[in-house]
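In: Below is the sequence, then the predicted model.
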Amino acid sequence: MKDRNGAKKLYKAHKTWLAAGVVAASLFSIQVLGQPTAHVGAEEVAETASTTVPVSINYVVQGTQATVGSFDLQAQVGQSYDDLKAEVTANLPAGYTLVNESRLNTNDDGFVAGQTYTKTYFVTATGESATKTITIHYVDRATNATTTKTFVVAQQGDVPRATVEASAPAGYKTLVGLATYDDATKAYTVPIYNVADTQQKAADAVDQLVAAVDEATKTITIHYLDEASGNVTVKTFVVPQDGAVPLETVEASAPAGFKAVLALTKYDDVTKVYTVPIYDIASPKIITVHFVDQATQQTTTRTFTVTGALTGVPMSEIEASVPTGYKVVQELATYDRATNTYTIPIYNDAVSKTITVIFVDEATNEKTTHTFTVTGDLTGIPMSAVEAKLPAGYKMRTENATHDAATNTYTIPIYKASVPETTVETPAETPVETPSNTANKTTTPTGTTQAKHLPQTGDATNMAASGLGVLAVVGALFGLAGERRKRA
């Protein structure tokens, strides 16, 4: 027959390696290939009318490579080896049986005039088996468990790849490309793997990868709070463990039509959540401001319309709306969220008032009185001006001072410097214009009250309203004058 498998690669006999392409073609055969050669005549044959070509036939024993016979014949130009079957069979050496022809030197296109040909045929001794047994060990790569199977094929046959794969244990796939051959045992070893187990391992690997990614990242939760409506929009961001959400991303992630107020962001360490206030950019809002005269309690009201739920009124506009001749006391301002109303104390900067200070010697009970005249009904006296009136060698116990609201008089205990004193922190003085003053001895005013705490807005005896300001008596007696002028 025609040798149409000439390009097919076979396993080389008694070697531990597999020829290239063997798996893709026909696996697991062990045979010895002959070394026939085809050559062109040494001398160029002159063009003649000859229609035959010389062909040499060799008979080689399968397995030993021994040549046991040969003969020559003349073949017709255009014939092939398939046309010489009768001659090849008739000239077989006695005691031998034809097994197969060499797969080399095929001539499917026919003999060509002017060339010579040599062909090898494999034979076996008469009575020897015409078949062979191929052993394959299927080895589980995970457990090394081995399943062995045998295949009986013709002496020059092999086990097709499809048969090798189909013969693997149920649930397994073969890795034919990794097959090996053991020359000592004449057996092939084919690695296999459990499909279900491999799929599970793949799934586990994916889970491990996801877990690794999770460990390398963290989730940041941000609540966008609309303070006008109380509505909350929740968004989460996945970032590296040591990363953060860029501020521009936080702003860009606010609900449509809203703007984030990043400066007012809060973080809850328990829930690990950030809360970012937001406001409707187009929503109008009315802000009401009540200016309250601290001396007369007369109220002047102003309203301001702004756009944006969290938009405020510039302080410059507030101050420009104060009644003529008045100044605001910003630090005493209050806010009513329910009505969106601010109440801001104001004072008449042109009003003159007199403040009386009485020093009482703790040892002798002797009293020294000083009076100070200031401008502005919320203006106070600098501490330096008060201390300058102390008798030589004396210090004040301001924590025991008292104030009589009816007479706007302060009574302050004093003591000689040698007497152990109570430590009182006195803030730096604030310079102000020098007030007019007089000094004379007098008796202690009646109806005095001890200044035990910092006056609060709405107290019956309000220090600010009385003329000394928020810091009077406790810690910074009379030190409000310069502060008030500077803030106003």
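Out: Okay, I see it. Residues are numbered from 1 along each chain as shown.
In: Could you measure from the closest residue to P255 other than its chain neighbours over to T275?
Out: Nearest residue to P255, sequence neighbours excluded (CB to CB, 6 or more residues apart in numbering): T233, at 5.0 Å. The C-beta positions use only the backbone N, C-alpha and C, and glycine is treated the same way. Going from T233 to T275 by CB to CB, to the nearest Å gives 11 Å.
In: Overlap of the contact sets of those two?
Out: Taking CB atoms under 8 Å, 6 or more residues apart in numbering as the criterion, T233 and T275 both touch H223.
In: for the record, mean pLDDT for stretch 159-168?
Out: For stretch 159-168, mean pLDDT rounds to 93.
In: And for stretch 187-205?
Out: 87.
In: Stretch 121-132 too?
Out: The average pLDDT within stretch 121-132 is 78.
In: give me every residue that touches the residue nearest to P255.
Out: Taking CB under 8 Å, 6+ apart, we find T233 in contact with 223-224, 226, 254-255, 278.
In: what are the bridge partners for it, then?
Out: T233 forms beta bridges with Y224, as assigned by DSSP bridges.
In: Surely T148 touches T133?
Out: No - using CB atoms under 8 Å, T148 is not in contact with T133; the gap is 11.9 Å.
In: Okay, now the unreliable bits of the stretch 1-150 of the chain?
Out: By pLDDT under 70, the low-scoring segments of the stretch 1-150 of the chain are 1-49, 103-105, 128-130.
In: where along the stretch 251-400 of the chain do the helices fall?
Out: Here the stretch 251-400 of the chain has its helices, by DSSP state H, counting those that start in this stretch, at 315-320, 383-387.
In: deepest of these, which one?
Out: Using mean count of other CB atoms under 10 Å, the stretch among those with the largest mean neighbour count is helix 383-387, at a mean of 20.
In: K119 contacts F111, correct?
Out: No - checked against CB under 8 Å, the pair K119 and F111 is beyond contact range at 10.9 Å.
In: and for these two, which residues touch both?
Out: V55.
In: residue ranges with poor pLDDT in the stretch 301-450 of the chain?
Out: 308-311, 377-379, 419-450.
In: which residue ranges form the strands in it?
Out: 326-328, 334-336, 341-348, 352-361, 367-375, 394-396, 402-404, 409-416, 436-440, 449-450 (DSSP state E, counting those that start in this stretch).
In: Would you convert these into TSV that also reports mean neighbour count and distance to F71?
Out: Formatted as TSV, the strands of the stretch 301-450 of the chain follow (neighbours: other CB atoms under 10 Å; distance: least, CB to CB, whole Å):
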stretch	mean neighbour count	distance to F71
strand 326-328	20	130
strand 334-336	12	122
strand 341-348	21	125
strand 352-361	19	146
strand 367-375	18	144
strand 394-396	18	142
strand 402-404	20	144
strand 409-416	20	145
strand 436-440	11	151
strand 449-450	12	144
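In: out of the ones you listed, nearest to L264?
Out: Nearest to L264 among those is strand 334-336 (14.6 Å), distances taken as CB to CB.
In: On the pLDDT front, check L262 for me.
Out: 89.
In: ok, and the closest non-adjacent residue to it?
Out: In space, not counting the residues next to it along the chain, L262 is nearest to L247; the distance is 6.1 Å by CB to CB, 6+ apart.
In: now V245: how far from T407?
Out: Taking CB to CB, one finds V245 at 62 Å from T407.
In: G114 is in contact with V53, correct?
Out: Yes - under the criterion of CB under 8 Å, V53 makes contact with G114 at 7.5 Å.
In: Who has more neighbours out of those two?
Out: Between V53 and G114, V53 has the larger neighbour count (other CB atoms under 10 Å), namely 23 against 16.
In: which ones are touching that one?
Out: V53 touches 74-75, 77, 111-117, counting by CB under 8 Å, 6+ apart.
In: Relative to A216, tell me which of the strands of the stretch 301-450 of the chain wins on proximity.
Out: Closest among the strands of the stretch 301-450 of the chain, using CB to CB: strand 334-336, at 45.8 Å.
In: Provide the strand pairings for the closest one, with the direction of each partner.
Out: Strand 334-336 pairs in its sheet with strand 341-348 (antiparallel), by DSSP bridges.
In: Can you check what angle separates the partner strand from strand 367-375?
Out: 110 degrees (axes from the mean of the first three to the mean of the last three CA atoms, to 10 degrees).
In: Put the alpha carbons of strand 341-348 into PDB.
Out: C-alpha atoms of strand 341-348 as PDB (Å, rounded to 0.1, in the frame of the first residue of the first chain):
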ATOM      1  CA  THR A 341     -32.300  82.800  64.000                       C
ATOM      2  CA  TYR A 342     -29.200  84.400  65.500                       C
ATOM      3  CA  THR A 343     -29.300  86.700  68.500                       C
ATOM      4  CA  ILE A 344     -26.300  89.100  68.700                       C
ATOM      5  CA  PRO A 345     -25.700  91.400  71.700                       C
ATOM      6  CA  ILE A 346     -24.800  95.000  70.800                       C
ATOM      7  CA  TYR A 347     -23.700  98.000  72.800                       C
ATOM      8  CA  ASN A 348     -23.600 101.700  72.400                       C
END
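In: Number the chain from 6, please
Out: Okay, residue one is now 6; in that scheme the one you just asked about reads as strand 346-353.
In: ok now it, how far from the chain's centre?
Out: How far strand 346-353 lies from its chain's middle: 50 Å, per CA atoms, centre = their mean, to the nearest Å.
In: Show me the contact partners of that strand.
Out: With CB under 8 Å, 6+ apart, strand 346-353 has contacts from 292-300, 305, 323, 327-328, 330-335, 337-341, 381-384, 462, 469, 489.
In: if we go to 7 Å?
Out: Residues from elsewhere that reach strand 346-353 (CB atoms under 7 Å, 6 or more residues apart in numbering): 293-300, 327-328, 330-334, 337-340, 381-383, 469.
In: Quick one: buried ones out of these?
Out: Restricting those to buried positions leaves 294-299, 327, 331-334, 337-338, 381-383, 469, with burial counted as 16 or more other CB atoms under 10 Å.
In: can you list the domains in the protein?
Out: 37-46+56-130, 222-285, 289-353, 357-492 (automatic domain parsing).
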